[in-house]
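**Student:** sequence unavailable; structure follows:
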């Protein structure tokens, strides 16, 4: 029987294995494991750490064996080896995607010594709602229940039915927005800020049936996603979902062709759907403090856009047509991004945008000067 020696591993396999190393990055009491090429530059490592730490690359300092690593050097030339531990220090103010800032709802002031005491307190509150507010709600159409220590939406709200135009249940501990929300068929504005609402808390079948809704505010909750049903709110003009945990926006947002204000700042959004370019009525968009590294070119379709807030993101560039097609754009916030003035000057239409920006600031300055002059003049007459 002929014996054959086992072939040794190929040199290419060995080199591929050796080319990748595992490094542990110490940051803020955390240990962050990363695997990357030994020939990766320190700048590449910082880009890799950006979504893991929410710190922009230019705000990172990587320290190994007491020395700050230079961006232009590689891990190999920096003598960082497999299994090494590197410390990350972050410069203050150079963070992106600051995450949700949840406002804790007030504690329910009910002593639950016995079931009877709890039920008595609940019945007392229900009676108060019935006597003091119900008729007023029906007459004015405004149901104001902010900061009432609520854990549920009172039945008296549903009794108002089509007469309700505005419902404010902000700053409570509401656990559920039920299907019955759909019975408020004439509602135009709904405020549900700071309730700790999760994705499962909201019945979107009921909410999306409100065809006259123009303002929807859900800031400071625990939402991680918005469903496709959002696109059914065809009359929506203002959408506020800041300070949540959103990672993306549904492509159905493009159905909101009447939307004028979109504020989704301080979330975890890393990509935007191209369909955002179909929201042709948008005037103001706030995407600040997210995890965006690029923007869709369709953002340039927003010809009515006047203000775009992009601070605290890892952006390196802007859509090529932003300055040429968004001819009303005069406010652009790029604070704490990777976009420099030199980058902006390379984009077609920069001169026109810069002129609009300067003109707006001059008008604001003139207004303040005129206002202060009138004040001084009136003071002199006294």
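**Tutor:** Cool, the structure landed. Predicted model, so just to flag it, every value in this text is computed and none were measured.

**Student:** can you tell me which residues contact the closest residue to residue 299 other than its chain neighbours?
**Tutor:** Leaving aside its sequence neighbours, residue 299 sits nearest to residue 319 (Cβ to Cβ, 6 or more residues apart in numbering; 4.9 Å). Every residue, glycine included, has its C-beta placed from N, CA and C. Applying Cβ atoms under 8 Å, 6 or more residues apart in numbering to residue 319 gives the contacts 295, 296, 297, 298, 299, 300.

**Student:** burial measure for the first one, as a count.
**Tutor:** Going back to what we said before, that points to residue 295. For residue 295, the number of neighbouring residues by other Cβ atoms under 10 Å comes to 20.

**Student:** can you read off the pLDDT for it?
**Tutor:** Looking at residue 295, its pLDDT is 96.

**Student:** equivalent analysis for the fourth one, please.
**Tutor:** According to the model's per-residue confidence, residue 298 sits at a pLDDT of 96.

**Student:** now it: how far from residue 234?
**Tutor:** With distances taken as Cβ to Cβ, to the nearest Å, residue 298 is found 20 Å from residue 234.

**Student:** one more: the last one?
**Tutor:** With the distance defined as Cβ to Cβ, residue 300 ends up 24 Å from residue 234.

**Student:** of the two, who's got more company?
**Tutor:** A side-by-side neighbour count of residue 300 and residue 234, using other Cβ under 10 Å, places residue 300 first with 21 against 14.

**Student:** not counting sequence-adjacent ones, nearest residue to that one?
**Tutor:** Among residues not flanking residue 300 along the chain, residue 321 sits closest, at 3.4 Å (Cβ to Cβ, 6+ apart).

**Student:** as a check, name the ranges of all helices in the chain.
**Tutor:** For the chain, the helices defined by DSSP state H cover 11-19, 42-53, 115-132, 134-140, 155-160, 204-207, 322-325, 341-345, 350-381.

**Student:** lowest-confidence stretch among the ones you listed?
**Tutor:** Note on these: lowest mean pLDDT is at helix 115-132, with a mean of 47.

**Student:** measure how buried residue 273 is and give me the count.
**Tutor:** The number of residues packed near residue 273 is 16, by other Cβ under 10 Å.

**Student:** residues contacting the closest residue to it other than its chain neighbours?
**Tutor:** Leaving aside its chain neighbours, residue 273 sits nearest to residue 251 (4.2 Å; criterion: Cβ to Cβ, 6+ apart). The neighbours of residue 251, taking Cβ under 8 Å, 6+ apart as the test, are 228, 273, 274, 275.
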